[in-house]
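In: just coords:
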Ligand code: GRF
């Protein structure tokens with residue numbers, strides 16, 4: 001088997017809990033031929049998640065955490081299901097459960113998440129409200145490697161947008177979402193083409209450590 005990330009098309013396992021707009025952005029980019037990857041499985045903690053309907057039934061896996069003895073047991077079942085599709089990369093795209101250390105260890109170095117804030121600001125939930133409460137002039141989204149500490153892994157790339165005086169958490173979220181989609185597609189593109197790695201809790205691009213996150217420009221390209 002080729003080392004992960006160097007196949008012609010990278011195998012992506014995507015974790016999602018809800019509507020799956022970020023998953024759809026990946027699928028659309030793949031269909032358009034601009035992302036050399038294949039979504040080989042969509043995995044959810046919500047059997048009714050709309051994200052699951054975006055791929056054929058054979059590529060869906062879902063389970064209810066409450067049907068398992070504890071968090072570790074659910075995470076182990078999820079990890080087994082993800083491992084079974086031999087992913088090159090595991091992408092959390094609107095996945096709303098905290099992943100346990102066992103799961104993270106199993107996919108370390110190839111586990112990505114998109115988070116709707118300019119990390120390290122506003123880790124956790126309700127990031128748009130937090131940015132407004134803090135009076136931030138800018139807000140945005142980050143794609144980062146997943147580590148056991150919540151939203152604390154090495155940040156690979158970010159997209160930024162100005163906060164408007166009349167913004168509410170909803171209007172901010174709405175304006176940010178299209179940027180998230182372009183950011184995730186661009187960042188996963190670096191992973192899919194074998195340019196991205198995680199070493200020593202840092203992000204590396206083309207064999208060089210990333211000392212600051214890449215920035216998404218208005219054309220959807222990532223630059224230093
Ligand atoms: C997005 O804002 C994403 O950043 C966050 O979950 C939200 C919903 O994602 N993690 P999606 O529309 O289900 O992809």
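Out: Alright, I've got the coordinates. What you are looking at is a predicted structure, and each value in this text was computed from that prediction instead of being measured.
In: which phi and psi does the closest residue in space to residue 101 that isn't next to it in sequence have?
Out: Here the nearest residue to residue 101 in space, its sequence neighbours aside, is residue 148; by Cβ to Cβ, 6 or more residues apart in numbering that works out to 4.8 Å. (Glycine included, C-beta is placed from N, CA and C.) When read as degrees, to the nearest 10, the backbone of residue 148 gives phi -60, psi -30.
In: which residues sit in contact with the closest residue to the ligand within the chain?
Out: Nearest to the ligand in the chain, going by Cβ to the nearest ligand atom, is residue 94, at a distance of 2.6 Å. Shown here is residue 94, whose contacts under the criterion Cβ atoms under 8 Å, 6 or more residues apart in numbering are 16-23, 51, 114.
In: For PyMOL, write the select line for the buried members of the residues you listed.
Out: With 16 or more other Cβ atoms under 10 Å as the criterion, this PyMOL line picks the buried residues out of the contacts of residue 94:
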select buried, resi 16+17+18+20+21+22+23+51+114
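In: Keep only the contacts of residue 94 that also lie close to the ligand.
Out: 16, 18-23, 114 (Cβ under 6 Å from any ligand atom).
In: And for residue 207, the neighbour number?
Out: Other residues within reach of residue 207 by the criterion other Cβ atoms under 10 Å amount to 8.
In: try the one 10 residues further on
Out: When neighbours are counted by other Cβ under 10 Å, residue 217 registers 12.
In: wait, isn't it in contact with residue 186?
Out: No - between residue 217 and residue 186 no contact is recorded; they are 9.6 Å apart, counting by Cβ atoms under 8 Å.
In: quick one: residue 16 and residue 91 touch, right?
Out: No - with contacts counted by Cβ under 8 Å, residue 16 stays clear of residue 91, the gap being 9.0 Å.
In: ranges for the helices of the chain?
Out: Listed in chain order, the helices found in the chain under DSSP state H are 21-31, 71-83, 101-106, 127-133, 169-192.
In: In JSON lines, list those along with distance to residue 157.
Out: Converted to JSON lines, these look like this (distance: least, Cβ to Cβ, whole Å):
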{"stretch": "helix 21-31", "distance to residue 157": "14"}
{"stretch": "helix 71-83", "distance to residue 157": "23"}
{"stretch": "helix 101-106", "distance to residue 157": "20"}
{"stretch": "helix 127-133", "distance to residue 157": "17"}
{"stretch": "helix 169-192", "distance to residue 157": "5"}
